Structure formats: C-alpha cells, structure tokens
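**Q** Sequence first, then the predicted structure, then my questions.
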Amino acid sequence: MTSSSTPAPDSPRPRGGRRPLRRLTARGRGEAHRVATPLELFFDLCFVVAIAQAGIQLVHAVAEDHAGQGIIDYAMVFFAIWWAWMNFTWFASAYDNDDILYRIVTLIQIAGVLVLAAGISRAFEDHEYLAVVLGYVIMRLALVAQWLRVARSSGGPERRMALRYAGGVLLCQIGWLGLLVLPEDARPWLFLVMATLEMCVPPYAEKDHPTSWHPHHIAERYGLFTIIVLGETIAAATVAVKTGIDENDALGEVLPIAAGGLLIIFAAWWIYFVVPIHGHLRSNKQAFLWGYGHYVVFASAAAIGAGLEVAVEHAVGKAHISTLAASAAVTLPTALYLLTVWALHSRYFKVGIAQQMVLPTTALLVICCTFLGEWAVLAAGLVTAFAVVTGETLTARMRARGRGTAARAPVT
C-alpha cells in the first residue's frame, strides 16, 4: 500500500504516439478524470476467483463443524489475496504508465493469484501451503520488479523509497517460506508475525517520501472491488439456493434465507456507497487506517456469502451443525461488516448521536437475530433494510431542517 500527505504535481498522460516502453515515473495526484483502467478491472475479476475458492472452503469447514480451524485458514489465505491486491492498487494509482512492460508484469501478478487460488483447497484440507506460497511469491516478486523500475526512473528520496519497498517485500517473502517448513501449530503465529511485518513495509518505505496516489481513483478502486466481492457473494448464495431447490425440493426452507440474504447484500452495498469517502483520504494516518481496515470489509463481505451457503445446507440437512451455528455463520460476518464500514466510512459523515448510532445498533440487533432459529437470516435482512431506511430518513430530516433554517435567515 502507498500513502501520501502532500499532492504531487500533475503529470498528464500522453494522448497519442504512445511508446512501448517509458520511464515509470509518478503520476500527478491532481489529474482530472482519473478512473480505473480495463487492466485494473481485469485484475480485480481474476482476484475474485481466489476469493471464491476461499469462500467455498470456508463453507465446507463450517458445515463440517470445523469453524475454528476454517476461520483461521480463511484469515490467512484471504490476507495473501487482499494484501497483494491492495499493494498493486496503490502502486498503480501512483505509477501506472500503461506501457508494455507494466502490462506484462501486471499479468504475471494475475497468474500468481491464479496459482494461489489453485492451492487454496489443499491449504484448507491438508494444510499444504506450497501452491499458496508459490502464487504469493509470484505476485510479490512482480511487484518488486515494478518498484525497481521506479527506482531506476527516479532519484533522491523517491529512489530510496522505491528501494525500501523492493527490499522490504523481498525480505518478507523469505519469512513466508516458514509456512512450508514449520510445524502446523506454529503457522498461525508465523502468520501474525509476517502479516505485521508486511504492513510495516509501507510506513517505513514512505517515511521520507510519500507516493502520489489519487484519492478519487483509490476510492473508486476500493468501491469497485467491494461491488465485485458482493457480486460474488450473491452468485455463491444463488447457486446454493438453486441446489437446495433442485436437489431437495426445499423451496419453503430456503426462501426465507434467500430473501434475508438478498436484503443483507443490498443493504451492504447501500451502506458502503452512501458517503463520498474520497474527501476523507487526506493524510497518511487516514489513508493507512482506511486501506488496512478494508481487510475486514472485504473478508466479512465474502464471508456473508459463505454463511448463506452454510445456512442453506443446514436448511436442507447437509450441514452437521446446530441451527444457532448456521445462523451465526450469516449474522456474525454481517455485524462485522456493518461495524467496520461505520468505523472506516460512515462515522465521519454522520451528524448527531442518532445518525452515529444507526450502524452500531443495527450490528447489535443483527447479532440478536442469531437466536431466532430458522428465521434468523430473514430477520437480519429486515433489520439491515430498516437501518438503510432509518439512515436515509434521518439524513432527509437534517437536510430539511437545514433548508428551513436557511430560508428563515435574515437577508443582510
């Protein structure tokens, strides 16, 4: 990840006569009309393949009553996916020059995530991390090559920053190899240490020279990835509902889950995009907190889909868990998503205690829905939908009061 506290001068992209190879220099933070590129969208779609595989394995683990180990494995694998995606996203926002070499290296990163995705099932089932580590190393070494290009194209503090990134990423890859040789019980501890070290690389690299990421572009990139993850959640839940109906003729059992799940996902989309977050991304501290916090946003959003699959499997008698556990598989990630989006987004744009308390209260009520048996998911969906209605109503009333105050103000 990269961050910036001071805008860099604009560096407009050439409109014509594009050379196949160009210096990899910083883009301007004030560029107009900066939007996600087709390559970035393709990158996101390929990463969702890995997220889908992680979700499938989480479903199997929870349905077989191995939720604790499944959540640990999910957290580890999802970190590798998210961290590689995030580092590319912030790097591209600052340095994307769209030349041939940049495109090729980005495609290599995509190949790395596909290798990682192919190894996710073995990571969950046999705790064999060879393919996962190999895919992660491919993605990270490709990023190192990009930073070395930046170092070659720059000088002074910017060059030192690029070399710090390249060196930090390389050293971390050595540590991750411990997943292949350490005993199984030690791997979660290694993960905690290495994940912490990975997240320390950007603050260290940029302590003297911040990169020139683009606030609107970053906000759009995160928003698009949120949409793609929520779309994958809907797709997974739809397949589960279809299977439940086709194989078990259980329309009555799965319909409340389908309705509640759809309301939850619709509300999740609405709540995330209700505020213009790019205006909040102004300082290093804000950027790091916001960017890192999206690990929980993305992981919980994807876990909602896995939870809906578990709920459907329980409804048709395939999951070997209690009704309470099946309900919690949906309600707990939903509550976590609501709280994290509130902490990262909404609370900066809410006025008054009533607006501030909508999402935290909703998260608490969603957790309470866990105890409603077979109606838990539908109840959680209705609660989240009501939260959207409440939030919009409070905002509308505040705006109406503001207009009324302005209308009554004396003309001077």
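**A** That came in fine, so what should we check first? Note that the structure is a prediction, hence the values are computed from the model and not measured. Numbers count the residues shown, from 1 in each chain.

**Q** Run a quick neighbour tally on T370.
**A** A total of 23 residues lie near T370 under the criterion other Cβ atoms under 10 Å. In this view, the C-beta of every residue, glycine as well, is placed from N, C-alpha and C.

**Q** Show me where this protein has its helices.
**A** Ranges of helices in the chain, per DSSP state H, are 38-63, 67-95, 100-118, 120-125, 130-153, 156-176, 178-181, 187-205, 215-248, 251-272, 284-315, 323-344, 352-369, 376-408.

**Q** closest one to L21 among these?
**A** Nearest of those to L21, taken as Cβ to Cβ: helix 100-118 at 5.8 Å.

**Q** Which positions in the closest one come out as buried?
**A** For helix 100-118, burial by neighbour count (16 or more other Cβ atoms under 10 Å) applies to 102, 105-106, 109-110, 112-113, 115-118.

**Q** try stretch 57-64
**A** For stretch 57-64, using 16+ other Cβ under 10 Å, the buried residues are 57-63.

**Q** what sits against the residue most central in space within the chain?
**A** By Cα atoms, centre = their mean, the chain has its centre lying nearest to F298, at 3.0 Å. By Cβ atoms under 8 Å, 6 or more residues apart in numbering, the residues touching F298 are 51, 78, 82, 225-226, 229.

**Q** one more time with 6 Å, if that's ok
**A** Shown in contact with F298 (Cβ atoms under 6 Å, 6 or more residues apart in numbering): 82, 229.

**Q** per-residue pLDDT, it?
**A** Per-residue confidence at F298 stands at 94 (pLDDT).

**Q** Distance of it relative to T89?
**A** Per Cβ to Cβ, to the nearest Å, F298 is found 12 Å from T89.

**Q** pLDDT below threshold where in the stretch 151-300 of the chain?
**A** 277-285 (pLDDT under 70).

**Q** Q173: how many residues sit nearby?
**A** By other Cβ under 10 Å, neighbour count at Q173 equals 17.

**Q** Start at 39, not 1
**A** With the count now opening at 39, the last piece we talked about shows up as Q211.

**Q** how many other residues sit next to the closest residue to W380 other than its chain neighbours?
**A** Among residues not flanking W380 along the chain, L397 sits closest, at 3.8 Å (Cβ to Cβ, 6 or more residues apart in numbering). Applying other Cβ under 10 Å, we find 26 residues neighbouring L397.

**Q** Let me know the pLDDT of L397.
**A** For L397, the pLDDT comes out at 91.

**Q** separation between it and F424?
**A** Counting by Cβ to Cβ, the gap from L397 to F424 is 12 Å.

**Q** Looking at the helices of the chain, spot the one closest to L62.
**A** With Cβ to Cβ as the yardstick, what comes closest out of the helices of the chain is helix 168-191 (4.2 Å).

**Q** okay, the angle between that closest one and helix 105-133?
**A** 20 degrees (axes from the mean of the first three to the mean of the last three Cα atoms, to 10 degrees).

**Q** What residues of helix 168-191 count as buried?
**A** 169-182, 184-185, 187-189, 191.

**Q** possible to save the buried residues of stretch 95-102 as a markdown table with distance to T408 and pLDDT?
**A** Listed next are those as a markdown table, based on distance: Cβ to Cβ, whole Å; pLDDT from 0 to 100:
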| residue | distance to T408 | pLDDT |
| --- | --- | --- |
| Q95 | 23 | 92 |
| L96 | 18 | 92 |
| V97 | 18 | 91 |
| H98 | 21 | 90 |
| A99 | 19 | 90 |
| V100 | 14 | 90 |
| A101 | 17 | 89 |
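
**Q** nearest to L218, of these?
**A** Q95 (19.2 Å).

**Q** For that closest one, give me its contacts.
**A** Contacts of Q95 by Cβ under 6 Å, 6+ apart are 158, 162.

**Q** before we move on, the earlier item: so which of the helices of the chain is nearest R61?
**A** Of those, the one closest to R61 (Cβ to Cβ) turns out to be helix 168-191, at 4.1 Å.

**Q** tell me what the closest one is packed against?
**A** Counting by 3 or more Cβ pairs under 6 Å, 6 or more residues apart in numbering; DSSP states H and E, the packing neighbours recorded for helix 168-191 are helix 105-133, helix 138-156, helix 194-214.

**Q** Now render these as CSV, adding distance to V354.
**A** Listed next are the helices and strands packed on helix 168-191 as CSV, based on distance: least, Cβ to Cβ, whole Å:
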stretch, distance to V354
helix 105-133, 19
helix 138-156, 28
helix 194-214, 39
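
**Q** on that earlier part again, how much space separates the residue nearest to W380 from V427?
**A** Counting by Cβ to Cβ - L397 and V427 are separated by 13 Å.

**Q** Good, wrapping up.
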